[in-house]
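Q: from the sequence below, what's the structure:
(chains A and B)
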Amino acid sequence: MKAPFSAYLNGIVPWVRQLIDALGAHYDYVSVLSTDSVGFTIAMSQRSKSVTNTNMTTERGNVVRVCRGGLYSEYAFNEIDATPAETAGRIRAALDQQLSLLQKTASKVYDTPALLDEPCELFVEKETERLPETEDVEALVAFLQGLSDRGMQAIPSALDCSARVMSTHICKLFLTKNRFLRQSYVYTEGSMAAFAPNEAGEMKTAYDGVSGLGGPEIIEQLNGVLEKLPKQMEDLLGSGKIVPGEYEIITDPGITGLIAHEAFGHGVEMDMFVKERALGAEYIGKRVGSDLVTMHEGALCADSVTSFAFDDEGTLAGDVTEIDRGILKTGICDALSALRLGTAPTGNGKRENFAHKVYTRMTNTMFDSGADSVDDMIASIKHGYLLSGTESGMEDPKHWGIQCIISRGYEIRDGKLTGKVVSPVIMTGYVPDLLGNVSMASPDRVVEGNGGCGKGYKEWVKVADGGPYLKTKARLG
Amino acid sequence: MMFERIKNQLRALGCDTYELTEKTVTAWEFYFIRHRLDQNRSSRVKTFEVKLYRPLEGGMLGSASGVISPTASDAEVETALKNIFYQASLVKNPTYTLTDHEVPLYKFRPVDVEAIAEQFLRAMQAVPETETERINSYEIFVREIQKSFENSCGVRYSVVYPSSMIEVVVNAKKDGHEIELYRNFTSGVCDPEKLTRDVTAALRYGKDRLLAQPTPKLSKADVVFSTADAVSIYEYFGARMSAGLLYRKLSDWTVGQPIASYSTGDRITVFAAANLDNSSHSFPIDEEGALIRERYLIRDGVAENTWGSRQMSQYLGVSDSSLVHNFVVSGGTADAETLHAGEYLELVEFSDFQVDPVGGDLLGEIRLGYWHHDGKVDIITGGSVSGTMQDAIPSMRFSKETEQYDTVVIPKETRLYGLTITGIV
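A: Model (predicted):
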């Protein structure tokens, strides 16, 4: 079925058009993004259970962007309690009050041209099997509770086992004088976590998740997660600490995705080019990885939690080849940064929600596949680790440092997995070294989209990343 | 008015146990590249949060929650409440009670968002920069948060408080090589003097980072933490005394028992506070309508009280607990001579220093540190530090002097012994 576009948003289109007309007399550019995204979060464990109709992407509200005299300003609101003309008056008054303060403090403006308002009309309703707003919550609660119960049975030492699902039906309307864009799609993600102490009393957490473009039907894949969880916990409970050093490593698709995200995801967000905060700006056309490294970014690259039809500035979704056989080709860009850099936007202008600013943000960030088998990769390693289980990462676009915190490292000696596991592992290094040492890549490729991505320590949005198994070298601690 | 619409619908549904919260956030935001305004933003966003309860068989209590938009039609409100009330029947937790003690009527002054914003703007314009150390960009967020709460037991309250944040990126350059440092300061209102001091310190660290050499392969080293990253270390203690972790058995600390087998370390004392000067979360009543209970969570290394939601607290048999947002850690006994004795690494910048409150692992990539050895100090960068809190607590030492970082007060300097260092050369 098609995910139906919001009746509420369709209903406010005339009001929004009149608001744009009212503001248009005073500004060089006016756009409105209106959102109406509904969903839920359900979490079940042995000790705690909850259901709520909210999650990180549920929202209903509006944001007006205006430009006058080279300055961009925004006003966000979620009450419609006046005529368009009255609301336009309120918005102008609120922004003028800020401008008065800026004049009083003699603040200078980053002069930016008005966005081109090229005509475009788009209406997209993506496929889904089910919708969060009509989901059988009773059945989902029972399913998740069953997963928790079965997890406890499968892991006798577990103190608790949780199963969680979030599903959102995203609806967004973008309007200017010349653009009329509407999109509707559903994404869903789920996860399981089990907690058990090792012999020293240290608590270990086994965790895995599923995600994708589609409705709550995706959650059935958690049965596969449940099958993997006991072995993962066994590995963690028997794990030791790694001897710090540089090793040959194999990254599973999740860790490959984490590297993609931290290395040349954040590293080529071009709002950072405007601020001169990214080393990538100086490396366009230069080698940043081995011939085996090709990387794509864009909402069109994969069907995932962030595969929209247009971004939060009304730019249509794209598919950018960031790295082609080791050569950095380009970055990703929001609309205002594109104006300032004299380039074209790539469909990567995203907001945490209607009340937040647009930044250049990732969508699907993916390494391309190769032709090497994982068995051949393992066989080629004298002493190293197969890394699995994403915990967190942090970028350093100015210096291309990278920090990845990884749940488990599986030791490889003389071409064979020894069965010894280390946990946790912190992988650090210099991105061009890490990618320059990529010597093998597997044919399979996975995209994952659990959790959220921040810009610094704020502005959380959905992203997805992935790739194949990769063999390279890194510093582990 | 929305509260009345919701309560009318709840009466029609037969729902007599609920919590309602109206939240209005008025925000002013300014984004600068260098000192040029990238964008100004203003917003006013209102939400209505609803949590509905219903008694279930077997001494269980059902509950479910949701948010209702101010633009919801009567039909949408009715459907949302019907769904939440039905979903409450599916969520079977052991029973617990809502707050039923009336709270005093507090008076709050409106927040002057414009005046706070002006202080931030002027403070950033006044930060002393040089040809080689300068501000790259900054983002100013000033918010007034108004909350009104009422529950079915007749408890009602309103609070109004300021909550601010400024993100600052600084650059330093030398011989064509430029580095950056990132800061994210949160507070109630703007404290211009503290902001200037903190940004100036960041500029100084930036200058040092240009001189840094790769971290040596030390294997093990004592580490002194003297910046905001130490907050993660102390948040571990607060988290371990939360009713949520204790009830789920993810913390094994026990009230009345020492939290560790102490050897030479300072015994920690952590106090839960309602109000903290210029905290971004300074108010006397928690989100469930309970007066915030000010008390010691840990005193001299012994677990003393828990904190947390009414649900989790009552499951632990604690009836008078509350949620808490501010924590004060007492200073220790270590003087500067003890903290700086022998060889040690002083780590002041990380990519993202983390302490896992459940597992106790601490990890972070080193962006800037000072290696004190053989009577000299080397500036270092790269590699990582790792260890566990379980291993660190028995011998951990910290200074008498304390420093506030928004919602927490912690010792100014903390020394952890024998952490693992993954060096480069």
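Q: can you map out the helices along the stretch 251-400 of chain A?
A: Assigned by DSSP state H, counting those that start in this stretch, the stretch 251-400 of chain A shows helices spanning A:253-264, A:271-274, A:335-341, A:374-379.
Q: pull the longest helix from the chain.
A: This is for chain A. Longest helix in chain A by number of residues (criterion: DSSP state H): helix A:84-104.
Q: please go with chain B instead
A: In chain B, taking DSSP H as the definition, the longest helix is helix B:192-209.
Q: may I see the buried residues of that helix?
A: B:195, B:198, B:199, B:202, B:203, B:205, B:206, B:207, B:208, B:209 (16 or more other Cβ atoms under 10 Å in any protein chain shown). For the C-beta atoms, the positions are set from N, CA and C on the backbone; glycine is no exception.
Q: turn the residues you listed into TSV, including distance to residue A:434.
A: Converted to TSV, these look like this (distance: Cβ to Cβ, whole Å):
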residue	distance to residue A:434
B:195	36
B:198	33
B:199	32
B:202	28
B:203	30
B:205	26
B:206	25
B:207	28
B:208	26
B:209	21
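Q: can you tell me which of these is nearest chain A?
A: Chain A has its nearest neighbour among the buried residues of helix B:192-209 in residue B:209, at 9.4 Å by Cβ to the nearest Cβ.
Q: quick one: contacts for the closest one?
A: Residue B:209 sits next to B:172, B:179, B:181, B:349, B:367, B:368, B:379, B:381 when contact means Cβ atoms under 8 Å, 6 or more residues apart in numbering or on different chains.
Q: which parts of the longest strand along chain B are buried?
A: Secondary structure of chain B per DSSP state E: the longest strand is strand B:36-56. For strand B:36-56, the neighbour count (16+ other Cβ under 10 Å) marks B:37-54, B:56 as buried.
Q: okay, now the residue of chain B found nearest chain A: neighbour count?
A: Nearest residue of chain B to chain A (Cβ to the nearest Cβ) works out as residue B:422 at 3.0 Å. Residues near residue B:422, counting by other Cβ atoms under 10 Å in any protein chain shown, number 26.
Q: quick one: the helices in chain B?
A: With DSSP H as the definition, chain B shows helices at residue ranges B:2-13, B:74-88, B:113-126, B:192-209, B:230-240, B:243-247, B:310-315, B:336-339, B:389-392.
Q: could I get those as a markdown table with mean pLDDT?
A: Formatted as a markdown table, these follow (pLDDT from 0 to 100):
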| stretch | mean pLDDT |
| --- | --- |
| helix B:2-13 | 95 |
| helix B:74-88 | 97 |
| helix B:113-126 | 98 |
| helix B:192-209 | 94 |
| helix B:230-240 | 98 |
| helix B:243-247 | 97 |
| helix B:310-315 | 97 |
| helix B:336-339 | 94 |
| helix B:389-392 | 96 |
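Q: wait, which of those helices is closest to residue B:360?
A: Residue B:360 lies closest, by Cβ to Cβ, to one member of the helices of chain B: helix B:389-392, at 4.0 Å.
Q: which elements pack onto the closest one?
A: The contact analysis (3 or more Cβ pairs under 8 Å, 6 or more residues apart in numbering or on different chains; DSSP states H and E) places helix B:389-392 against strand B:361-373, strand B:414-422.
Q: now chain A against chain B: closest residue?
A: Residue nearest to chain B within chain A: residue A:477 (3.0 Å; Cβ to the nearest Cβ).
Q: so who does the residue lying closest to that residue once chain neighbours are set aside touch?
A: Spatial nearest neighbour of residue A:477, excluding adjacent residues (Cβ to Cβ, 6 or more residues apart in numbering or on different chains): residue B:422 at 3.0 Å. Counting by Cβ under 8 Å, 6+ apart, residue B:422 touches A:244-245, A:426, A:428, A:475-477, B:215, B:217, B:383-386.
Q: closest to residue A:373 among those residues?
A: Once Cβ to Cβ is applied, the member of these that ends up nearest residue A:373 is residue A:476, at 23.4 Å.
Q: so how many other residues sit close to that closest one?
A: Residue A:476 sits with 25 neighbouring residues when counted by other Cβ under 10 Å.
Q: my guess is it contacts residue A:249. True?
A: Yes - using Cβ atoms under 8 Å, residue A:476 is in contact with residue A:249, at 7.3 Å.
Q: stretch B:14-32 near chain A anywhere?
A: Yes - Stretch B:14-32 reaches chain A (Cβ under 8 Å from any Cβ of the partner chain) through B:25, B:27, B:28, B:29, B:30, B:31, B:32.
Q: domains of the chain?
A: Going with chain A. According to automatic domain parsing, chain A comprises the domains A:7-104+A:121-237, A:245-476.
Q: my bad, chain B
A: B:2-209, B:213-422.
Q: which of those domains is buried the deepest?
A: domain B:213-422 (a mean of 20; mean count of other Cβ atoms under 10 Å in any protein chain shown).
Q: distance between the ends of it?
A: Distance between the two ends of domain B:213-422: 14 Å, counting by Cα to Cα, to the nearest Å.
Q: same check on stretch B:309-319?
A: Criterion Cα to Cα; first-to-last residue distance in stretch B:309-319 is 10 Å.
Q: same question for stretch A:126-144.
A: Note: stretch A:126-144 ends 26 Å apart using Cα to Cα.
Q: is it positioned near chain B?
A: Yes - Stretch A:126-144 is in contact with chain B by Cβ under 8 Å from any Cβ, via A:137, A:138, A:141.
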